[in-house]
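K.L.:
this is a predicted model, with the sequence first.
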Amino acid sequence: MSSHTSTDINTLGLSTFACVWCGLTVSMYAADGAPRNHCPSCLHSRHVLDHVEGGASDCEGRMSPIAIAVLRTGDWMVIHRCVRCDELTSSPTCVDDNQLILMRMAVRPLAQPPFPLEAFGTL
């Protein structure tokens, strides 16, 4: 899945991309017209931007969705990790993203805490 910016889209003349994980043909724009950089079905993306140094990335690895972050504004961000180079990125959720997957990622820390829940009994 490509994660081109809207400028890249216009330059390349692309309006869709194929998801690198599930193969879905995805519009470069969400239902509300906002540009998207991940698949709305599985939330995977492709590592094409270097967020550390800026500009294009040569990595091209698959960006796997690993978590949800909620900004102070209440906006949700998908946190991705590149399976090739481990770079972390974030991107805003889109109105037509798979809400079941978003919720699964959001509640994962509660459903699978990183520590034993029995520890609370001794506090």
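P.N.:
It's in.
K.L.:
quick one: average confidence on stretch 17-32?
P.N.:
Across stretch 17-32, the average pLDDT comes to 93.
K.L.:
ends of it, how far apart?
P.N.:
Length of stretch 17-32, first residue to last, CA to CA, to the nearest Å: 18 Å.
K.L.:
flag every buried residue along it.
P.N.:
Neighbour-count burial for stretch 17-32 flags Phe17, Cys19, Val20, Trp21, Val26, Met28, Tyr29, Ala30 (criterion: 16 or more other CB atoms under 10 Å). Heads up, the C-betas are built off the backbone N, CA and C, glycines and all.
K.L.:
for the longest strand along the chain, the distance to its chain's centre please.
P.N.:
Counting by DSSP state E, the longest strand found in the chain is strand 62-70. Here the centre of strand 62-70 is set off from its chain's centre by 5 Å, with CA atoms, centre = their mean, to the nearest Å.
K.L.:
mind showing which ranges of this protein have poor pLDDT?
P.N.:
Residue ranges of the chain with pLDDT under 70: 1-13, 122-123.
K.L.:
re earlier: so which pair among the buried residues of stretch 17-32 is furthest apart in space?
P.N.:
Spatially, the most separated pair among the buried residues of stretch 17-32 is Trp21 and Tyr29, at 19.7 Å (CB to CB).
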